[in-house]
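**Q** I need the structure of the sequence given here:
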Amino acid sequence: MSAVTRSLTEITVVGDDDTGLIAEVTSLLFERGINIEDLDQAVREGVFRMTMHVDTAEMVTTEEKLREDLTELGDELGVDLQVRFPADRETQSIAVLVTKESHCLEALFESWANGDLGADIEVVIGNHDDLQPLAEKYDVPFHNIGDEKGTPDEEELLELLAEYDADLIALARYMRILSPDVVFRYESRIINVHPSLLPAFPGASAYMQAIEEGVRIAGVTAHYVTTDLDQGPIITQRAFNVPDDATEEELQALGQPLEAEALIEAIKLHLSDEVTVHRGRTKLRDPEETDAQLGAPVALDEENPDRPIDGLGEFVAGDDPEPEAEADD
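**A** Residues are numbered from 1 along each chain as shown. Take a look at the predicted model:
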């Protein structure tokens, strides 16, 4: 995952791993005067993914014809080949994935209703139907893709994401792991919120893990989703003190408002193109132009002591120390 601006066109290839795929696609682009600015590829569980960001400003074809050519090539190669031009992302849309917890979805809806989100929530997709009434309250389509046990139908999920042309997928406490088939198609466009200060306590029951390990400070993390569980680049984090003898329910009550806050902050930063990723670490493109809170409040820095620090002591500064007294025999 690398830093890319919205001025570039994004091309994604997903399918069975096979030789010659990269050459076929890059040759097509070269023939049409398209310059490749960034290319990243990976294979996971037999699924091949290639994501390219290309400059189409001086290409010798039209956007419509390039779409047709790429679709035709994808059919020939037996892969799913998608292209997204910069203009496609002027009016951005969000697909929200949920299970049963309502707090993050409710906060997203409130931010959207207040005009603060910066995009439209086009669809809510769940692996249970518990939150369908909340979606209906905001007149947003809801689709349940889970069976009686909550196991999601990922083929249906992919169809819905394509139908609603989602620019960003927000996992609002969606309690299922996305397969490479989904993640690869939406590389750098899926944001999850996890109830711990990652990389500590990944996976399920993070608050209980914090209690069992006896931590004094716990927290939440919003991060990009990758094929490695809870290891994607961290965008925002929030922390809180763990009370003595706290129960899991008490930690949830402390953490859930922060989960919603961190998720919304991360979504806004992504949509406004204020956050970039380089070598697995996020940073603000222009820290002086935003008041985003990626970590703890600035006030915490003022409470932390600033001394002692290596190199500031009198001895290191060059002053002769007092001679040590010789011990009496």
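**Q** could I get the helix or strand hosting residue 24 in CSV with only the CA atoms?
**A** For residue 24, the element it lies in under DSSP states H and E is helix 21-31. In CSV, the C-alpha atoms belonging to helix 21-31 read as follows (Å, rounded to 0.1, in the frame of the first residue of the first chain):
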residue,chain,number,x,y,z
LEU,A,21,-1.1,-11.4,-16.4
ILE,A,22,1.0,-8.4,-15.5
ALA,A,23,2.6,-8.3,-19.0
GLU,A,24,-0.8,-8.4,-20.7
VAL,A,25,-2.3,-5.6,-18.7
THR,A,26,0.8,-3.3,-18.8
SER,A,27,1.2,-3.8,-22.5
LEU,A,28,-2.4,-2.7,-23.1
LEU,A,29,-1.8,0.4,-21.1
PHE,A,30,1.5,1.2,-22.8
GLU,A,31,-0.1,0.9,-26.3
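**Q** if I look at the residue positioned nearest the centre of the chain, how far off is residue 61?
**A** Centroid-nearest residue in the chain, with Cα atoms, centre = their mean: residue 224, separated by 2.0 Å. Distance, residue 224 to residue 61, using Cβ to Cβ, to the nearest Å: 32 Å. No exception for glycine: its C-beta is placed from N, CA and C like everyone else's.
**Q** for residue 219, same thing?
**A** According to Cβ to Cβ, residue 219 and residue 61 sit 49 Å apart.
**Q** out of those two, which sits in the busier spot?
**A** Higher neighbour count among residue 219 and residue 61: residue 219, with 27 against 15, using other Cβ atoms under 10 Å.
**Q** can I assume that one sits in a strand?
**A** Yes: assignment of residue 219 by DSSP: H, G, I helix; E, B strand; the rest coil places it within a strand.
**Q** Show the contacting residues for residue 113.
**A** residue 138 (Cβ atoms under 8 Å, 6 or more residues apart in numbering).
**Q** So which residues of the stretch 1-150 of the chain form helices?
**A** Assigned by DSSP state H, counting those that start in this stretch, the stretch 1-150 of the chain shows helices spanning 21-31, 63-77, 103-113, 132-137.
**Q** for the second one, packing partners?
**A** Spelled out, it's helix 63-77. Other helices and strands packing on helix 63-77, by 3 or more Cβ pairs under 8 Å, 6 or more residues apart in numbering; DSSP states H and E, are strand 9-16, helix 21-31, strand 79-84.
**Q** which parts of that helix are buried?
**A** Across helix 63-77, burial judged by 16 or more other Cβ atoms under 10 Å covers 66, 69-70, 73-74, 77.
**Q** Outside of it itself, list whatever touches it.
**A** Applying Cβ under 8 Å, 6+ apart, the contact partners of helix 63-77 are 11, 13, 15, 18, 21, 24-25, 28, 32, 34, 56, 59, 61, 80-81, 83, 85.
**Q** Would you pull up how far that helix lies from the middle of the chain?
**A** 29 Å (Cα atoms, centre = their mean, to the nearest Å).
**Q** can you check stretch 176-188 too?
**A** Distance of stretch 176-188 from the chain centroid (Cα atoms, centre = their mean) equals 11 Å.
**Q** Buried residues, it. List them.
**A** 176, 178-188.
**Q** And for stretch 107-114?
**A** For stretch 107-114, burial by neighbour count (16+ other Cβ under 10 Å) applies to 107-109, 111-112.
**Q** Of those residues, which is the nearest to residue 233?
**A** residue 108 (20.9 Å; Cβ to Cβ).
**Q** quick one: the longest helix belonging to the chain to helix 103-113, angle?
**A** Secondary structure of the chain per DSSP state H: the longest helix is helix 248-271. Note on geometry: by axes from the mean of the first three to the mean of the last three Cα atoms, to 10 degrees, helix 248-271 and helix 103-113 are set 40 degrees apart in direction.
**Q** what distance separates the helix or strand following helix 248-271 from the middle of the whole chain?
**A** Remark: after helix 248-271, the chain's next helix or strand is strand 275-278, criterion DSSP H and E. Centroid displacement of strand 275-278 relative to its chain, using Cα atoms, centre = their mean, is 11 Å.
**Q** Just give the strands next to strand 275-278 in its sheet, each with its orientation.
**A** Partner strands for strand 275-278, per DSSP bridges, with pairing direction: strand 281-284 (antiparallel).
**Q** Name the residues that touch the strand it pairs with?
**A** Around strand 281-284, the neighbours that count as contacts under Cβ under 8 Å, 6+ apart are 224, 233-235, 269, 274-276, 290, 292, 294.
**Q** Over to stretch 39-47?
**A** Stretch 39-47 is contacted by residues 1-2, 14-17, 22, 26, 48-53, 179-181, 184, 187, 227 when judged by Cβ under 8 Å, 6+ apart.
**Q** picking up where we left off before, among the contacts of strand 281-284, the buried ones, what's the PyMOL command?
**A** Paste this into PyMOL to select the buried members of the contacts of strand 281-284, with burial taken from 16+ other Cβ under 10 Å:
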select buried, resi 224+233+234+235+269+274+275+276+292+294
